[in-house]
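> Could you work out the structure for the sequence below:
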Amino acid sequence: MGVASWVVRIPAVREGLALSEGVLGLVLVGISVGALIAMPLSGALIARFGSRPVARAAMLGYAAALMLPPQATSRLLLTLALLVMGAASSFMNVALNTQATAVERRMRRPVMAGLHAMFSVGGLIGAGIGGVIAGAGVDPRWHLAGAGVLIAALSLLVTTALLRPGTDGAMGGPAFAVPTRPLLLLGAVAFCVLVGEGAVADWSAIYLRDIAGAGPGLAAAGFAAFSLMMAAGRFAGDALTVRFGPARLVRASAATAAAGVVLAIAWPTPWAAVAGFGAVGAGLSVVFPSLVAAAGRLPGVNPSMAIATISWIGYTGFLAGPPLIGFAAEAISLRGGIALVGITSLMIVALAGTLSRT
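Numbering: from 1, shown residues only. This is a model prediction of the structure:
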């Protein structure tokens, strides 16, 4: 909900500081830099203090950081505010995923995909409410301050139900360790899946407009279909994991994503491309939650450190995907660039067996 609240106010913050598109793009990198810096540290802190205290502190920190961007009076201050937001988000994600792995162990059934689906629900709620507030002309400082206060209050409430330190399986073990081969293989899969997610987020609308010939409204439908099918796939993911097992499910899902890419580039018409990107969303939906669950089960590795490691490797893929598509589009064509998402999906198919060994 917090992410969506910020995203819908980016245009207002940009206008307030008179930032060009290029400068805004550079400033927004602050979130990514903060996240990448914090991920390795998050695993160490969780191993020392437990996931519940770190989750609570990170959620409150994120709520406070959410209020900062519209207060910024320069591009430097905005960049620093976003860096803090990215770091807090990273601590929060690793801590909550560590909690989720412990809950799965206690319940003895998969729940990870459904929990990740709630991120999509929060995004839809935040975007819906934020759009109404922005449309009403409310100052972004008041909007994000109100969102921050709400998130802080909810954080204090919900974190009381989290597993206490010592019962979440996260404490103990070395703060830092050399990643094992199984962990690196899981990280490689995470890199591949987040290359696809980042690429579709940044390039689907451009592909629909420039290659498929869609109008502005329909061009946005590609990412909408991707997002909706990803949420649906995650809600169904836990039941499918029980029925087919994580390795078979990830293999079949990645193959579905690859087929979606083929549909989008082989028949570059608007609705075929929308359907193709929807299939990519459905196919990739269960992969990262399955990886988080598998990392948390690795023997001899602290769950928080394992989750932080694959998250860090995966996030580099999320950052690398869009520029890789851009370079490929310059060298070949945008259709060739989008084909990279199909290639990384096939790499997931090849590496899916890693999940059966955890």
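
> what's stretch 324-342 in contact with?
195-196, 199-200, 202-203, 206-207, 210-211, 257-258, 261-262, 264-265, 268, 280, 321 (CB atoms under 8 Å, 6 or more residues apart in numbering). Any C-beta I mention is one placed from the backbone N, CA and C, and that applies to glycine too.

> Among the residues you listed, name the ones in helices.
Among those, the members falling in helices (DSSP state H) are 195-196, 199-200, 202-203, 206-207, 210, 257-258, 261-262, 264-265, 280, 321.

> how about the helices in the stretch 151-300 of the chain?
181-210, 216-219, 221-244, 246-266, 270-284, 287-297 (DSSP state H, counting those that start in this stretch).

> what about V132, is that helix, strand or coil?
The local conformation at V132, judged by DSSP: H, G, I helix; E, B strand; the rest coil, is helix.

> Report pLDDT for it.
Each residue has a pLDDT score; the one for V132 is 84.

> distance of it from A329?
As judged by CB to CB, to the nearest Å, V132 and A329 stand 36 Å apart.

> With L82 instead?
Separation of L82 from A329 (CB to CB): 27 Å.

> Could you check which of those two is surrounded by more residues?
L82 (24 against 20; other CB atoms under 10 Å).

> How many residues are close by the closest residue to the more buried one other than its chain neighbours?
Closest residue to L82 apart from its sequence neighbours, by CB to CB, 6 or more residues apart in numbering: G30 at 3.5 Å. For G30, the count of nearby residues is 22 (other CB under 10 Å).

> and what of G215?
G215: 10 surrounding residues under other CB under 10 Å.

> For the stretch 251-358 of the chain, which residues score under the pLDDT cut-off?
Residue ranges of the stretch 251-358 of the chain with pLDDT under 70: 357-358.

> Domains in the chain, by residue range?
The chain resolves into domains spanning 2-161, 181-357 when parsed by automatic domain parsing.

> Now restrict the contacts of stretch 324-342 to buried residues only.
The neighbour count (16 or more other CB atoms under 10 Å) marks 195-196, 199-200, 202-203, 206-207, 211, 257-258, 261, 264-265, 268, 280, 321 as buried among those.

> Determine the longest helix present in this structure.
In the chain, taking DSSP H as the definition, the longest helix is helix 75-107.

> ok, I10 to I31 distance?
The gap separating I10 from I31 is 11 Å, by CB to CB.

> before we move on, what about A102?
Counting by CB to CB, the gap between A102 and I31 amounts to 28 Å.

> repeat for M67
15 Å.

> Among those two, which residue is more densely surrounded?
Legend: neighbour count by other CB under 10 Å for M67 and I31, higher for I31 (22 against 19).

> check which helix or strand covers the more buried one.
According to DSSP states H and E, I31 maps onto helix 21-49.

> Now that helix: buried residues?
Of the residues in helix 21-49, 24, 27-28, 30-32, 34-36, 38-47 count as buried by neighbour count, 16+ other CB under 10 Å.

> before we move on, back to that, I'd say the residue nearest to L82 and T79 touch.
Yes: between G30 and T79 there is a contact under CB atoms under 8 Å: 4.2 Å.

> Quick check on S285: phi, psi?
For S285, the backbone dihedrals (degrees, to the nearest 10) come out as phi -60, psi -40.

> shaky segments in the stretch 101-250 of the chain?
Scanning the stretch 101-250 of the chain with the threshold set as pLDDT under 70 gives 168-178, 216-217, 220.

> got the angle between the helix or strand containing I310 and helix 181-210?
Counting by DSSP H and E, the element that carries I310 is helix 303-331. With axes from the mean of the first three to the mean of the last three CA atoms, to 10 degrees defining the directions, helix 303-331 sits at 40 degrees from helix 181-210.

> Now do helix 303-331: distance to the chain's middle.
Its chain's C-alpha centre and that of helix 303-331 lie 11 Å apart, by CA atoms, centre = their mean, to the nearest Å.

> same question, stretch 227-239
14 Å.

> contacting residues around A219?
Shown in contact with A219 (CB under 8 Å, 6+ apart): 205-206, 208-209.

> To clarify, my last question referred to G281.
Residues near G281 by CB under 8 Å, 6+ apart: 200, 225-230, 233, 260.

> I'd like the distance between it and M92.
Distance of G281 to M92, given as CB to CB: 24 Å.

> what do you get for L78?
L78 sits 21 Å away from M92, going by CB to CB.

> Done for today, thanks.
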